[in-house]
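Colleague: A structural model of the following input is requested.
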Amino acid sequence: MIRKMIGKPFYQLAAALALLILLSSATYTVGEAEQVIITQFGEPVGDPITSPGLHFKVPFVQKANYFDKRFLEWNGDPNQVPTKDKRFIWVDTYARWRITDPLRFFQRLRDERGAQSRLDDILDGETRNAVARHNLVEVVRSTNRTPEQPEAESEEETSILERIETGRESITKEILQRASERASGLGIELMDFRLKRINYVEEVQKDVFARMIAERNRVAQRYRSEGEGEAARIRGERERELQKIQSEAYRTAQELRGKADAEAAEIYAEAYSRDAGFYAFMKSMETYERTVDPKSVLILTTDSELLRYLRNAP
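Modeller: Down below sits the predicted model:
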């Protein structure tokens, strides 16, 4: 009797647990960012489930395979790639993609790991091919831009820049287009592709740095030449201004000296006209003072004009 009373709840609990397992196996939930492929014994059945919510399937027989609806990222490994002009560079790339046909994606790639491996082959291969078709300058530069600072980049400097026909952006679009054509049959869509980083190998770096140094030295030499020319012009203007000032000062001094001499002559003439004898006497005294000193010996004739006042002295 007791065994019967205990066995009944046990069977009920077991039945409830079995029902719960059956329901959990027969239902699945699809999120907003998910899409599902139902497989039966490993083969897909029906259409992809893209609407979110609760859905049903055959329990224990069918399996729900989930795939992401959102944009997924792909990061390539840096590869050493030769350019058309035989320069080796390191190219690092990345891309964004999404699953547009989950049924074909499942049939061809099974899961995201398989997609990443297939994208490695497609994108790395197209990148290598595109870089190999163009020279280094085409991969590095995007446009034949005009320098934004004319004072730092002259027309002469701009003219020496090698012109490009394709450019980095066009090469990127070319890679994306070719890779998208190859990936379209895999149920995925490539949304974007970029050359994340380009670096020179050691041999190319030396050439690039040597060219940069030569260009900077050339620009520095041009600036030095322009500076020396400007300094010579300033020195010439300074000498010209100095000579002009000196000539004007000399002319002014001569004018003042001439006016002073004229006034002195006028004063002398006026004094001479008033008393000619006194004027002659004063000039003679000045002459004596200038020519005769205690250490000098002066020999004159007796009829010299210089001795006139000495002869007439009392």
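Colleague: From here on, just use CA atoms for contacts and neighbour counts.
Modeller: Will do.
Colleague: So, low pLDDT: which residues of the chain?
Modeller: 1-8, 10, 18-19, 22, 145-161, 298, 300, 305-314 (pLDDT under 70).
Colleague: ok, now with 80
Modeller: Counting by pLDDT under 80, the chain contains low-confidence ranges at 1-24, 144-162, 201-208, 268-314.
Colleague: mind giving me the domain split of it?
Modeller: For the chain, the structural domains run 2-68, 72-200, 284-314, going by automatic domain parsing.
Colleague: mind listing the helices in the stretch 1-150 of the chain by residue range?
Modeller: Using DSSP state H, counting those that start in this stretch, the helices found in the stretch 1-150 of the chain span residues 2-26, 102-109, 112-132, 136-140.
Colleague: would you list these in JSON lines and tack on mean neighbour count and distance to D92?
Modeller: Shown next, in JSON lines, are the helices of the stretch 1-150 of the chain (neighbours: other CA atoms under 10 Å; distance: least, CA to CA, whole Å):
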{"stretch": "helix 2-26", "mean neighbour count": "12", "distance to D92": "45"}
{"stretch": "helix 102-109", "mean neighbour count": "19", "distance to D92": "25"}
{"stretch": "helix 112-132", "mean neighbour count": "17", "distance to D92": "10"}
{"stretch": "helix 136-140", "mean neighbour count": "20", "distance to D92": "12"}
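Colleague: between these, which gets nearest to A231?
Modeller: helix 136-140 (39.1 Å; CA to CA).
Colleague: Report how many residues lie close to S51.
Modeller: S51 has 15 neighbours, counted by other CA atoms under 10 Å.
Colleague: Do I have it right that P44 meets Q62?
Modeller: No: assessed by CA atoms under 8 Å, P44 is found out of contact with Q62, at 9.1 Å.
Colleague: Mind listing the shared neighbours of those two?
Modeller: Here P44 and Q62 share the contacting residues I38, scored by CA atoms under 8 Å, 6 or more residues apart in numbering.
Colleague: most packed of the domains of the chain?
Modeller: domain 72-200 (a mean of 16; mean count of other CA atoms under 10 Å).
Colleague: End to end on that domain, go ahead and measure it.
Modeller: Domain 72-200 has an end-to-end distance of 29 Å (criterion: CA to CA, to the nearest Å).
Colleague: Distance from the chain centre to it, please.
Modeller: Relative to its parent chain, domain 72-200 has a centroid offset of 22 Å by CA atoms, centre = their mean, to the nearest Å.
Colleague: for stretch 25-38, same thing?
Modeller: The answer for stretch 25-38 is 50 Å, by CA atoms, centre = their mean.
Colleague: With distance to E228 as extra columns, can I get the domains of the chain in CSV?
Modeller: Shown next, in CSV, are the domains of the chain (distance: least, CA to CA, whole Å):
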stretch, distance to E228
domain 2-68, 69
domain 72-200, 18
domain 284-314, 57
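Colleague: can you tell me which of the ones you listed comes nearest to G277?
Modeller: domain 284-314 (10.5 Å).
Colleague: In the stretch 151-300 of the chain, what residue spans correspond to strands?
Modeller: 188-200 (DSSP state E, counting those that start in this stretch).
Colleague: max-length helix in the chain?
Modeller: helix 202-274 (DSSP state H).
Colleague: Next, the angle strand 188-200 makes with that helix.
Modeller: 60 degrees (axes from the mean of the first three to the mean of the last three CA atoms, to 10 degrees).
Colleague: Mind giving me the packing neighbours of helix 202-274?
Modeller: Judged by 3 or more CA pairs under 8 Å, 6 or more residues apart in numbering; DSSP states H and E, the packing partners of helix 202-274 are helix 276-291.
Colleague: mind saving the C-alpha coords of the helix it packs on as CSV?
Modeller: C-alpha atoms of helix 276-291 as CSV (Å, rounded to 0.1, in the frame of the first residue of the first chain):
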residue,chain,number,x,y,z
ALA,A,276,92.5,148.8,-41.5
GLY,A,277,95.7,149.5,-39.5
PHE,A,278,94.4,147.8,-36.3
TYR,A,279,93.2,144.8,-38.4
ALA,A,280,96.6,144.4,-40.0
PHE,A,281,98.3,144.7,-36.6
MET,A,282,96.0,142.0,-35.1
LYS,A,283,96.6,139.6,-38.0
SER,A,284,100.3,140.2,-37.7
MET,A,285,100.2,139.4,-34.0
GLU,A,286,98.3,136.2,-34.7
THR,A,287,100.9,135.3,-37.3
TYR,A,288,103.7,135.9,-34.8
GLU,A,289,102.0,133.7,-32.2
ARG,A,290,101.5,130.9,-34.7
THR,A,291,105.0,130.9,-36.3
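Colleague: Sounds good, over and out.
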